[in-house]
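1. show me how the following folds:
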Amino acid sequence: MKLWIAVILVIIFVQADARKRQRAAHDDVRERHVSSHPNQVRVGANFEETMVAERPRGRKTSPARDGATPVPRNPCDKVRCKAGSECSLDANNLPNCVCIRECPDGLSVDDAVCGSDNRTYASECDLKRTKCLGKAKKSQRRKMKSLKIRYLGPCKTFTPCRKKELREYPNRMRVWLKNIFLQMYDTPLSEGGLTDKQRHYGRKVYSERERLQEFEQGADHELMEKEFRKFYHIYKYPVHWKFADLDRRPKDKKLSKKELGPLRAPLIPMEHCTKVFFKRADKNRDGKISLEEWGTALGLEAGDIDASLLV
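-> The predicted model follows:
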(Lines give C-alpha, C1' and ligand atoms only; values in the text may rest on other atoms or scores of the structure.)
Protein backbone atom coordinates (compact mmCIF):
# COMPACT_ATOMS: atom_id res chain seq x y z
CA MET A 1 0.00 0.00 0.00
CA LYS A 2 2.80 2.40 0.89
CA LEU A 3 4.50 1.54 -2.41
CA TRP A 4 1.43 2.59 -4.43
CA ILE A 5 1.15 5.87 -2.53
CA ALA A 6 4.81 6.58 -3.28
CA VAL A 7 4.32 5.91 -7.00
CA ILE A 8 1.31 8.26 -7.16
CA LEU A 9 3.23 11.03 -5.40
CA VAL A 10 6.12 10.66 -7.86
CA ILE A 11 3.73 10.97 -10.85
CA ILE A 12 2.10 14.10 -9.38
CA PHE A 13 5.52 15.64 -8.77
CA VAL A 14 6.73 14.95 -12.33
CA GLN A 15 3.55 16.45 -13.89
CA ALA A 16 3.80 19.58 -11.74
CA ASP A 17 7.45 20.03 -12.67
CA ALA A 18 6.66 19.68 -16.39
CA ARG A 19 3.92 22.34 -16.20
CA LYS A 20 6.29 24.66 -14.37
CA ARG A 21 8.99 24.24 -17.06
CA GLN A 22 6.41 24.84 -19.87
CA ARG A 23 5.15 28.04 -18.21
CA ALA A 24 8.68 29.31 -17.79
CA ALA A 25 9.49 28.68 -21.45
CA HIS A 26 6.27 30.44 -22.52
CA ASP A 27 7.10 33.50 -20.41
CA ASP A 28 10.64 33.59 -21.79
CA VAL A 29 9.34 33.64 -25.41
CA ARG A 30 6.81 36.34 -24.52
CA GLU A 31 9.48 38.56 -22.95
CA ARG A 32 11.71 38.23 -26.02
CA HIS A 33 8.77 39.07 -28.34
CA VAL A 34 7.75 42.11 -26.24
CA SER A 35 11.28 43.42 -26.17
CA SER A 36 11.52 43.25 -29.98
CA HIS A 37 7.93 44.59 -30.63
CA PRO A 38 7.37 47.15 -27.84
CA ASN A 39 4.74 49.10 -29.81
CA GLN A 40 2.53 46.17 -30.79
CA VAL A 41 1.55 44.89 -27.35
CA ARG A 42 -1.86 46.05 -26.10
CA VAL A 43 -2.55 46.48 -22.41
CA GLY A 44 -4.20 43.34 -21.09
CA ALA A 45 -3.44 41.35 -24.24
CA ASN A 46 -1.96 37.91 -23.89
CA PHE A 47 0.77 36.50 -26.09
CA GLU A 48 -1.57 34.68 -28.50
CA GLU A 49 -3.69 37.81 -29.10
CA THR A 50 -0.53 39.83 -29.79
CA MET A 51 0.68 37.31 -32.38
CA VAL A 52 -2.71 37.31 -34.15
CA ALA A 53 -2.83 41.12 -34.13
CA GLU A 54 0.50 41.46 -35.90
CA ARG A 55 -0.26 39.05 -38.76
CA PRO A 56 -0.07 40.99 -42.06
CA ARG A 57 -3.25 41.53 -44.05
CA GLY A 58 -3.45 41.04 -47.80
CA ARG A 59 -4.17 38.36 -50.41
CA LYS A 60 -5.42 35.11 -48.98
CA THR A 61 -2.93 32.30 -49.01
CA SER A 62 -3.31 28.59 -49.26
CA PRO A 63 -2.40 26.63 -46.13
CA ALA A 64 1.27 25.74 -45.92
CA ARG A 65 2.13 22.09 -46.16
CA ASP A 66 5.08 20.41 -44.48
CA GLY A 67 6.45 23.76 -43.33
CA ALA A 68 6.59 25.19 -46.87
CA THR A 69 5.94 28.86 -47.62
CA PRO A 70 2.19 29.54 -48.09
CA VAL A 71 1.24 29.82 -51.79
CA PRO A 72 -1.00 32.83 -52.71
CA ARG A 73 -4.33 31.80 -54.18
CA ASN A 74 -4.94 32.63 -57.85
CA PRO A 75 -7.93 35.02 -58.07
CA CYS A 76 -9.02 33.13 -61.22
CA ASP A 77 -9.49 29.87 -59.32
CA LYS A 78 -13.13 30.59 -58.54
CA VAL A 79 -14.01 32.45 -61.76
CA ARG A 80 -16.12 30.64 -64.36
CA CYS A 81 -16.00 32.14 -67.85
CA LYS A 82 -18.33 31.46 -70.78
CA ALA A 83 -17.42 29.14 -73.63
CA GLY A 84 -14.68 30.61 -75.80
CA SER A 85 -13.22 32.74 -73.03
CA GLU A 86 -10.77 32.26 -70.17
CA CYS A 87 -9.84 34.07 -66.96
CA SER A 88 -6.92 36.49 -67.00
CA LEU A 89 -5.54 38.93 -64.39
CA ASP A 90 -5.41 42.63 -65.26
CA ALA A 91 -2.80 45.20 -64.21
CA ASN A 92 -4.43 45.43 -60.76
CA ASN A 93 -4.31 41.66 -60.31
CA LEU A 94 -8.10 41.44 -60.69
CA PRO A 95 -9.70 38.55 -62.61
CA ASN A 96 -11.45 39.20 -65.92
CA CYS A 97 -12.89 36.93 -68.62
CA VAL A 98 -11.24 37.46 -72.00
CA CYS A 99 -11.44 35.55 -75.29
CA ILE A 100 -9.13 32.53 -75.45
CA ARG A 101 -5.78 33.75 -76.73
CA GLU A 102 -4.67 30.51 -78.37
CA CYS A 103 -6.19 27.06 -78.89
CA PRO A 104 -4.08 23.87 -78.60
CA ASP A 105 -1.77 23.06 -81.50
CA GLY A 106 -1.11 19.70 -83.10
CA LEU A 107 -4.77 18.84 -83.75
CA SER A 108 -5.71 16.33 -86.43
CA VAL A 109 -8.46 16.50 -89.05
CA ASP A 110 -10.57 14.38 -86.69
CA ASP A 111 -10.84 17.38 -84.36
CA ALA A 112 -12.33 19.63 -87.05
CA VAL A 113 -15.95 20.78 -86.76
CA CYS A 114 -18.37 22.35 -89.23
CA GLY A 115 -19.94 25.58 -88.02
CA SER A 116 -23.45 26.80 -88.71
CA ASP A 117 -21.83 29.38 -91.03
CA ASN A 118 -20.71 26.45 -93.25
CA ARG A 119 -17.08 27.11 -92.34
CA THR A 120 -14.64 24.42 -91.15
CA TYR A 121 -12.91 25.12 -87.83
CA ALA A 122 -9.79 23.29 -86.62
CA SER A 123 -11.49 22.36 -83.35
CA GLU A 124 -14.41 23.16 -81.08
CA CYS A 125 -12.09 25.51 -79.18
CA ASP A 126 -11.31 27.39 -82.41
CA LEU A 127 -15.02 27.85 -83.21
CA LYS A 128 -15.87 29.10 -79.71
CA ARG A 129 -12.87 31.44 -79.71
CA THR A 130 -13.96 32.88 -83.06
CA LYS A 131 -17.47 33.37 -81.70
CA CYS A 132 -16.12 35.19 -78.65
CA LEU A 133 -13.91 37.51 -80.71
CA GLY A 134 -16.71 38.21 -83.19
CA LYS A 135 -19.23 39.14 -80.49
CA ALA A 136 -16.87 41.89 -79.39
CA LYS A 137 -17.25 43.55 -82.81
CA LYS A 138 -20.50 45.41 -83.31
CA SER A 139 -20.64 44.60 -87.04
CA GLN A 140 -20.43 40.84 -86.38
CA ARG A 141 -22.24 40.58 -83.05
CA ARG A 142 -25.59 39.38 -84.40
CA LYS A 143 -24.02 36.87 -86.79
CA MET A 144 -21.63 35.44 -84.21
CA LYS A 145 -24.30 35.16 -81.53
CA SER A 146 -25.95 32.31 -83.47
CA LEU A 147 -22.70 30.54 -84.44
CA LYS A 148 -22.63 26.91 -83.27
CA ILE A 149 -21.38 23.48 -84.29
CA ARG A 150 -23.50 22.02 -87.09
CA TYR A 151 -21.77 18.66 -87.07
CA LEU A 152 -18.39 17.04 -86.33
CA GLY A 153 -15.85 16.88 -89.11
CA PRO A 154 -14.99 19.27 -91.97
CA CYS A 155 -17.86 20.96 -93.76
CA LYS A 156 -19.13 19.19 -96.85
CA THR A 157 -19.67 20.91 -100.15
CA PHE A 158 -23.34 20.39 -100.94
CA THR A 159 -24.16 19.78 -104.56
CA PRO A 160 -27.45 21.15 -105.91
CA CYS A 161 -30.45 18.87 -105.32
CA ARG A 162 -31.64 17.43 -108.64
CA LYS A 163 -35.32 16.87 -109.43
CA LYS A 164 -34.87 13.10 -109.47
CA GLU A 165 -33.26 13.17 -106.02
CA LEU A 166 -36.04 15.36 -104.69
CA ARG A 167 -38.64 12.82 -105.84
CA GLU A 168 -36.72 10.01 -104.16
CA TYR A 169 -36.10 11.91 -100.94
CA PRO A 170 -39.23 10.71 -99.03
CA ASN A 171 -38.45 7.03 -99.70
CA ARG A 172 -34.79 7.29 -98.76
CA MET A 173 -35.61 9.31 -95.63
CA ARG A 174 -38.26 6.77 -94.50
CA VAL A 175 -35.82 3.86 -94.96
CA TRP A 176 -33.16 5.74 -93.00
CA LEU A 177 -35.61 6.56 -90.19
CA LYS A 178 -36.66 2.91 -89.96
CA ASN A 179 -33.06 1.67 -89.86
CA ILE A 180 -32.04 4.20 -87.20
CA PHE A 181 -35.10 3.35 -85.10
CA LEU A 182 -34.19 -0.35 -85.12
CA GLN A 183 -30.63 0.47 -84.08
CA MET A 184 -31.92 2.60 -81.21
CA TYR A 185 -34.30 -0.17 -80.15
CA ASP A 186 -31.33 -2.37 -79.16
CA THR A 187 -29.52 0.48 -77.42
CA PRO A 188 -29.95 0.90 -73.61
CA LEU A 189 -31.69 4.08 -72.50
CA SER A 190 -28.58 5.03 -70.50
CA GLU A 191 -26.65 5.13 -73.77
CA GLY A 192 -29.21 7.20 -75.65
CA GLY A 193 -31.66 4.45 -76.60
CA LEU A 194 -35.46 4.46 -76.66
CA THR A 195 -37.81 4.97 -73.71
CA ASP A 196 -40.30 2.29 -72.64
CA LYS A 197 -43.15 4.17 -74.36
CA GLN A 198 -41.20 4.45 -77.61
CA ARG A 199 -40.43 0.74 -77.50
CA HIS A 200 -44.10 0.01 -76.89
CA TYR A 201 -45.31 2.02 -79.88
CA GLY A 202 -42.53 0.69 -82.08
CA ARG A 203 -42.78 -2.97 -81.11
CA LYS A 204 -44.35 -3.89 -84.48
CA VAL A 205 -41.40 -2.37 -86.31
CA TYR A 206 -39.04 -4.50 -84.24
CA SER A 207 -41.06 -7.71 -84.52
CA GLU A 208 -41.19 -7.41 -88.33
CA ARG A 209 -37.56 -6.39 -88.74
CA GLU A 210 -36.56 -9.67 -90.42
CA ARG A 211 -39.05 -9.05 -93.23
CA LEU A 212 -37.77 -5.54 -93.95
CA GLN A 213 -34.87 -4.70 -96.21
CA GLU A 214 -32.12 -2.35 -95.09
CA PHE A 215 -31.48 -0.97 -98.59
CA GLU A 216 -27.93 0.18 -99.23
CA GLN A 217 -27.27 3.72 -100.38
CA GLY A 218 -28.18 4.02 -104.04
CA ALA A 219 -30.77 1.23 -103.89
CA ASP A 220 -33.54 1.21 -106.48
CA HIS A 221 -36.18 3.83 -105.76
CA GLU A 222 -39.03 1.64 -107.04
CA LEU A 223 -38.12 -1.22 -104.67
CA MET A 224 -38.16 1.15 -101.69
CA GLU A 225 -41.53 2.54 -102.73
CA LYS A 226 -42.93 -0.98 -103.10
CA GLU A 227 -41.79 -1.99 -99.62
CA PHE A 228 -43.24 1.19 -98.10
CA ARG A 229 -46.66 0.40 -99.55
CA LYS A 230 -46.45 -3.21 -98.41
CA PHE A 231 -45.36 -2.40 -94.82
CA TYR A 232 -47.01 1.01 -94.55
CA HIS A 233 -48.29 0.29 -90.99
CA ILE A 234 -44.72 -0.41 -89.87
CA TYR A 235 -43.15 2.68 -91.41
CA LYS A 236 -45.74 4.93 -89.81
CA TYR A 237 -44.29 5.04 -86.29
CA PRO A 238 -40.61 5.83 -87.13
CA VAL A 239 -41.87 8.92 -88.99
CA HIS A 240 -43.66 10.10 -85.82
CA TRP A 241 -40.72 9.11 -83.61
CA LYS A 242 -38.20 11.24 -85.52
CA PHE A 243 -40.51 14.26 -85.48
CA ALA A 244 -40.76 14.02 -81.66
CA ASP A 245 -36.99 13.52 -81.45
CA LEU A 246 -36.33 16.76 -83.37
CA ASP A 247 -39.07 18.78 -81.65
CA ARG A 248 -37.25 19.85 -78.48
CA ARG A 249 -36.87 23.57 -77.87
CA PRO A 250 -39.67 24.44 -77.60
CA LYS A 251 -41.77 21.27 -77.76
CA ASP A 252 -44.58 22.88 -79.75
CA LYS A 253 -45.32 20.25 -82.43
CA LYS A 254 -43.50 22.42 -84.98
CA LEU A 255 -39.98 22.13 -86.33
CA SER A 256 -37.95 25.28 -86.85
CA LYS A 257 -34.97 25.57 -89.20
CA LYS A 258 -32.75 25.13 -86.17
CA GLU A 259 -34.51 21.92 -85.14
CA LEU A 260 -34.29 20.56 -88.71
CA GLY A 261 -30.52 21.22 -88.67
CA PRO A 262 -29.49 17.68 -87.62
CA LEU A 263 -31.02 16.31 -90.84
CA ARG A 264 -28.24 18.03 -92.76
CA ALA A 265 -25.50 16.05 -91.02
CA PRO A 266 -23.16 13.96 -93.25
CA LEU A 267 -24.70 10.62 -92.24
CA ILE A 268 -28.18 11.60 -93.40
CA PRO A 269 -29.04 10.31 -96.91
CA MET A 270 -29.35 13.03 -99.55
CA GLU A 271 -28.72 15.72 -96.91
CA HIS A 272 -28.16 18.27 -99.66
CA CYS A 273 -31.87 17.99 -100.52
CA THR A 274 -33.15 18.48 -96.96
CA LYS A 275 -33.45 22.27 -97.11
CA VAL A 276 -35.25 22.29 -100.46
CA PHE A 277 -37.53 19.38 -99.53
CA PHE A 278 -38.82 20.88 -96.29
CA LYS A 279 -39.09 24.33 -97.79
CA ARG A 280 -41.61 22.84 -100.22
CA ALA A 281 -43.26 20.91 -97.38
CA ASP A 282 -43.97 24.20 -95.55
CA LYS A 283 -47.34 24.76 -97.21
CA ASN A 284 -48.44 27.72 -95.08
CA ARG A 285 -45.03 29.44 -95.45
CA ASP A 286 -44.65 30.16 -91.73
CA GLY A 287 -41.01 29.01 -91.66
CA LYS A 288 -41.84 25.93 -89.57
CA ILE A 289 -42.85 22.35 -90.30
CA SER A 290 -45.94 21.15 -88.43
CA LEU A 291 -46.61 17.49 -87.69
CA GLU A 292 -49.20 17.43 -90.48
CA GLU A 293 -46.75 18.95 -92.99
CA TRP A 294 -44.03 16.52 -91.88
CA GLY A 295 -46.23 13.45 -92.15
CA THR A 296 -47.72 14.45 -95.48
CA ALA A 297 -44.31 15.19 -97.00
CA LEU A 298 -43.07 11.73 -95.95
CA GLY A 299 -46.03 9.93 -97.46
CA LEU A 300 -48.45 9.37 -94.56
CA GLU A 301 -52.18 9.61 -95.06
CA ALA A 302 -53.90 12.49 -93.23
CA GLY A 303 -55.87 10.09 -91.01
CA ASP A 304 -52.69 8.31 -89.90
CA ILE A 305 -50.93 11.42 -88.59
CA ASP A 306 -51.45 11.11 -84.84
CA ALA A 307 -50.07 13.54 -82.24
CA SER A 308 -50.53 10.93 -79.50
CA LEU A 309 -47.61 8.99 -81.01
CA LEU A 310 -45.20 11.84 -80.19
CA VAL A 311 -43.58 10.31 -77.09
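
2. show me which residues of stretch 126-135 are buried.
-> For stretch 126-135, burial by neighbour count (16 or more other CB atoms under 10 Å) applies to 126-132, 134-135. All C-beta spots, glycine's among them, are computed from the backbone N, C-alpha and C.

3. ignore the last one, stretch 199-217
-> Residues of stretch 199-217 classed as buried: 201-202, 205, 212, 215 (neighbour count, 16+ other CB under 10 Å).

4. closest one of these to H272?
-> When those are compared for distance to H272 (CB to CB), F215 wins out at 19.1 Å.

5. and the buried residues of stretch 199-217, which is closest to E168?
-> Taking CB to CB as the measure, E168 lies nearest F215 of the buried residues of stretch 199-217, at 11.5 Å.

6. now that closest one: closest residue in space that isn't a chain neighbour?
-> With CB to CB, 6 or more residues apart in numbering as the measure, V175 is the residue that lies nearest to F215, at 4.9 Å, once sequence neighbours are left out.

7. any idea how many residues pack against the one you found?
-> Neighbouring residues of V175 were enumerated by other CB atoms under 10 Å; the total is 23.

8. from what I see, it and L223 are in contact.
-> No: using CB atoms under 8 Å, V175 and L223 do not qualify as a contacting pair, with a distance of 10.1 Å.

9. joint contacts of these two?
-> Residues touching both V175 and L223 (CB atoms under 8 Å, 6 or more residues apart in numbering): F215.

10. any regions of this protein where pLDDT drops low?
-> Within the chain, the stretches falling below the threshold (pLDDT under 70) are 1-72, 106, 216-218, 265-269.

11. from R141, how far out is the residue nearest in space to the middle of it?
-> For the chain, A83 is the residue whose C-alpha lies nearest the centre (CA atoms, centre = their mean; 10.3 Å). A83 sits at a distance of 16 Å from R141 (criterion: CB to CB, to the nearest Å).

12. same question, S116
-> Taking CB to CB as the measure, S116 falls 16 Å from R141.

13. ok, P170 next?
-> According to CB to CB, P170 stands 40 Å off from R141.

14. the more surrounded of these two?
-> Between P170 and R141, counted using other CB under 10 Å, the more crowded position is P170 (20 against 11).

15. the more buried one should be in a helix, yeah?
-> Yes: the secondary structure assignment for P170 places it in a helix, going by DSSP: H, G, I helix; E, B strand; the rest coil.

16. what sits against it?
-> By CB under 8 Å, 6+ apart, the residues touching P170 are 277, 297-299.

17. which one among the residues you listed gets closest to D196?
-> Closest approach between the contacts of P170 and D196, by CB to CB: L298, at 25.3 Å.

18. would you agree that closest one is in contact with M173?
-> Yes: proximity of L298 to M173 meets the contact threshold set by CB under 8 Å, at 6.3 Å.

19. what's the burial count for the nearest residue to S256 once chain neighbours are set aside?
-> The shortest distance from S256 to any non-neighbouring residue, by CB to CB, 6+ apart, is to K288 (5.5 Å). Other residues lying near K288 total 17 when counted by other CB under 10 Å.

20. same check on the one 5 residues further on?
-> Using other CB under 10 Å, E293 is surrounded by 20 other residues.

21. any idea how far it lies from Y206?
-> Going from E293 to Y206 by CB to CB gives 28 Å.

22. L255: what's it in contact with?
-> Contact criterion CB under 8 Å, 6+ apart gives 243, 246-247, 278, 288-289, 294 as the residues in contact with L255.

23. angles on the backbone of the spatially closest residue to it that is not a sequence neighbour, please.
-> In this structure, L255 finds its nearest non-sequential neighbour in I289, 4.3 Å apart by CB to CB, 6+ apart. When read as degrees, to the nearest 10, the backbone of I289 gives phi -110, psi 120.
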